[in-house]
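Student: Turn this into a model:
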Amino acid sequence: MSENKSLAIIATKGSLDWAYPPFILASTAAALGYDVQIFFTFYGLNLVRRKLDLRISPLGNPAMPMPFPVPTVVQALPGMEYIMTAMMERKIKDKGVASIEELRDLCIEAEVKLVACQMTVDLFDYSHDDFLPCVEYGGAASFLDFAGNSDICLYI
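Tutor: You can find the predicted model right below:
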């Protein structure tokens with residue numbers, strides 16, 4: 001382990017809104033000189049797939065700011081996930097916020113170690129070809145070796 005501070009992140013969510021925290025924190029920490037590793041497990045695996053198809057769900061997201069109040073029953077209608085995703089993507093673009101692809105590329109350039117949980121890859125019948133070429137594979141034990149010695153460990 002180097003003398004730099006270190007950050008370990010466990011990413012378990014694979015939606016558009018949950019994709020930002022691990023990549024923003026990891027890229028920022030790497031820019032500050034931290035050794036950073038993100039362990040992607042369960043739905044978090046979607047964040048390191050070659051083709052991103054991230055959506056946002058208004059259901060179960062009561063704090064999601066919307067231009068007008070939308071009753072829960074309406075949020076459950078077919079197609080609302082696509083509408084809300086389009087609204088969020090437009091807001092991200094209009095505000096000049098980096099895309100997930102850009103943040104992910106920043107992490108790769110900064111040598112953030114991206115680790116896919118091999119057990120979850122097997123569970124969901126993914127192939128290593130489904131993921132970015134820079135992704136490494138490991139289990140909980142290999143991640144815990146890094147996380148157990150890290151200065152900061154976050155579960156997202």
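Student: So what does the closest residue to residue 142 other than its chain neighbours look like in phi/psi?
Tutor: Once flanking residues are discounted, residue 142 sits nearest to residue 115: 7.3 Å by C-beta to C-beta, 6 or more residues apart in numbering. Every residue, glycine included, has its C-beta placed from N, CA and C. Phi and psi for residue 115, reported as degrees, to the nearest 10, are phi -120, psi 120.
Student: I'd say residue 115 and residue 36 touch.
Tutor: No: counting by C-beta atoms under 8 Å, residue 115 stays clear of residue 36, with 11.0 Å between them.
Student: With neighbour numbers in mind, choose between those two.
Tutor: Comparing residue 115 with residue 36 by other C-beta atoms under 10 Å, the one with more neighbours is residue 36, at 29 against 22.
Student: Surely the more buried one and residue 9 touch.
Tutor: Yes: between residue 36 and residue 9 there is a contact under C-beta under 8 Å: 7.3 Å.
Student: What segments of the chain are strands?
Tutor: Ranges of strands within the chain are 6-11, 35-40, 113-117, 136-138, 152-155, based on DSSP state E.
Student: To residue 91, which of those strands lies closest?
Tutor: Nearest to residue 91, of all these, is strand 6-11, at 22.3 Å by C-beta to C-beta.
Student: any idea of the mean pLDDT for the closest one?
Tutor: Taken as a whole, strand 6-11 carries a mean pLDDT of 98.
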